[in-house]
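Colleague: how would this look folded up:
(one chain, ligands or ions: 2)
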Amino acid sequence: MSIHTASVTAPVNIATLKYWGKRDTKLNLPTNSSISVTLSQDDLRTLTSAAAAPEFEKDTLWLNGEPHSIDNERTQNCLHDLRQLRKELEIKDASLPTLSQWKLHIVSENNFPTAAGLASSAAGFAALVSAIAKLYQLPQSTSEISRIARKGSGSACRSLFGGYVAWEMGTAQDGHDSMAIQIADSSDWPQMKACVLVVSDIKKDVSSTQGMQLTVATSELFKERIEHVVPNRFEVMRKAIIEKDFATFAKETMMDSNSFHATCLDSFPPIFYMNDTSKGIISWCHSINQYYGETIVAYTFDAGPNAVLYYLAENELKLFAFIYKLFGSVPGWDKKFTVEQLDAFNQQFDSAKFTARELDLELQKGVARVILTQVGSGPQEAKESLIDAKTGLPKK
Ligand SMILES: Nc1ncnc2c1ncn2[C@@H]1O[C@H](COP(=O)(O)OP(=O)(O)OP(=O)(O)O)[C@@H](O)[C@H]1O
Ligand SMILES: C[C@@](O)(CCOP(=O)(O)OP(=O)(O)O)CC(=O)O
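Modeller: Ligands and ions are numbered 1, 2, ... in the order given. Presented below is the predicted three-dimensional model:
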C-alpha cells in the first residue's frame, strides 16, 4: 500500500477578547473580532496524524482511541476546502500523486479533557487542518489555512499561530477576509504565564455554538458589546500586547470576560457558565491585585466554570503565595516546582499578613486541579505518528 502521512501538534488558545456570536453559522463568521493567547504545547496539545492512500475506503477519524464522527458539516467543509487546494496543485503539476482523490485516515489525541471547556475543539481543528495541509504540501500562508480551520470551529483559526493572535472578523459574505493574524510572537513577550484552575472537566450543558446564537437572538446588551465595547477594546488590547503593558492587558481581559458573561446572563433564557467557585476566584483575584496595589493577575472564563489566570513570570512568587495557599493540595504543582519553590510560596504567604476574612477557604473545594503553563508556539510538525505506516490504521 502506498500511504502518505503527516503528523502535527497544535496548541490550545484562550481568548482575552472573546468571540461570541456568529453572523453566518455555516461559515463560522463572527459578529466581532477577537484576541487570544496561544498556550504552550508542552502542557496542552493535540497530536494529529493524517494519511491518504488509494486503498482507503472512506474518510475516517479516530479521536482519543475511538472512532469519531466525521460526517458533520463543519469537518466536511474543512476536508472539502483542503482537497480543493490540493487539486489546484495537482492540476498545475501532473507528476504529483492524486492525494485529493484519495480517502483520508485521521488519528488524533488530546492530552487533556475533550469537550470540557478547555478549548479542545480549537486545538483539535487546528491540528486536523494543519496535518492535512502538511500532507497535501499546500503552499498557502498560515492565515489562509486559518480560514479553513475557522470553518471547523471559529476559535480554531487562532490556534494556527503562536503567541498573541487576532481573528479579524472581516466583512465579506464568503468569509475570505475572516482569518487569524499574529499580533506578536511568543518570543516578543515570553514572560506571559497562565494558570488554569480546573473547576470542572464535565461536558457543559450549553455548547458555545448554541449559547452564542441564543445571545445573538435575544440579548440587547450584546448589541452594545459588538457595536461599541469590542471595537474599542480590540485596539486597546492590541496596543497593550505590542507595548507589553500588562496592567492594561489584564484590565481589558478581565473586563471582557465579565462583558461576555454579562451577555450570557442577558440572554433569554439566561445562560450560566460560571459557578460559585468561578465567582469566588474573580473576587480573590481582585483582592490579590488590591493587596499588592498593582495588577499582577488577570482572570478570564470561557463557556464554562474553569478559570484561566494570566500573569507575568516576574510576579509568580507574589501570585502563588496566594494561589498555592488555596489550591496547593490539588494535582498539577509538583510537575512544575521543586519542594523548595513550593515552600517559598508558603513562606511568602505567611509573611503577607493576609487576614482570614479575605482567605476564602470554601473555594478550595471547587478546584480539581491546576494546569501551569505559558504562552507558546503555533502548530509544529511532529516526529511521532499515530498511524501505522503499513496498515494505515491507528497504532495500538
Ligand atoms: N483532536 C480533535 N480532533 C478533531 N476534532 C476534535 C478534537 N478534539 C475535539 N474535537 C471536536 O471538538 C468537540 C468538542 O468541542 P466543544 O466546543 O464541545 O468543547 P471544547 O472545545 O473542549 O470547549 P470550549 O469550546 O468551550 O472551550 C469534540 O466533540 C470533537 O468533535
Ligand atoms: C467562549 C469562547 O471560547 C467561544 C468559543 O467558541 P467556539 O469556537 O468553540 O464556537 P464554534 O465556532 O461554534 O465552534 C470564546 C473564544 O474562544 O473566543
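Colleague: check contacts around the residue of the chain found nearest ligand 1.
Modeller: The nearest approach of the chain to ligand 1 comes at G124, 2.3 Å away (Cβ to the nearest ligand atom). For glycine as for every other residue, the C-beta is placed from the backbone atoms N, C-alpha and C. For G124, the contact set (Cβ atoms under 8 Å, 6 or more residues apart in numbering) comprises A10, T46, T48, L63, S108, N110, T114, G152, S153, A156.
Colleague: Now with 7 Å, please.
Modeller: Listed by Cβ atoms under 7 Å, 6 or more residues apart in numbering, the contact partners of G124 are T46, S108, N110.
Colleague: By neighbours, which of these wins?
Modeller: Compared across these, T46 has the highest neighbour count, 31 neighbours, by other Cβ atoms under 10 Å.
Colleague: Identify the residues contacting that one.
Modeller: Neighbour list for T46: T9, A10, S108, N110, A123, G124, A127 [criterion: Cβ under 7 Å, 6+ apart].
Colleague: go with 6 Å
Modeller: Neighbour list for T46: A10, N110, A123, G124, A127 [criterion: Cβ atoms under 6 Å, 6 or more residues apart in numbering].
Colleague: did I read that right, the fourth one in a helix?
Modeller: What that stands for is G124. Yes. Under DSSP: H, G, I helix; E, B strand; the rest coil, G124 sits within a helix.
Colleague: How much space separates it from F337?
Modeller: G124 sits 30 Å away from F337, going by Cβ to Cβ, to the nearest Å.
Colleague: Pull out the buried residues from stretch 327-334.
Modeller: Buried residues in stretch 327-334, defined by neighbour count with 16 or more other Cβ atoms under 10 Å: F327, G328, G332, W333.
Colleague: Show me what that stretch is in contact with.
Modeller: V367, R369, V370, I371.
Colleague: Which of the contacts of G124 fall within strands?
Modeller: Under the assignment DSSP state E, these contribute T46, S108, N110 to strands.
Colleague: Quick check: residues of the stretch 201-350 of the chain near ligand 2?
Modeller: S208, T209, D302, A303 (Cβ under 6 Å from any ligand atom).
Colleague: what's the helix or strand for A172?
Modeller: For A172, there is no helix or strand it lies in under DSSP states H and E.
Colleague: which residue sits closest to it in space, ignoring its chain neighbours?
Modeller: S178 (7.3 Å; Cβ to Cβ, 6 or more residues apart in numbering).
Colleague: Can you report how many residues neighbour that neighbour?
Modeller: Neighbours around S178, by other Cβ under 10 Å: 25.
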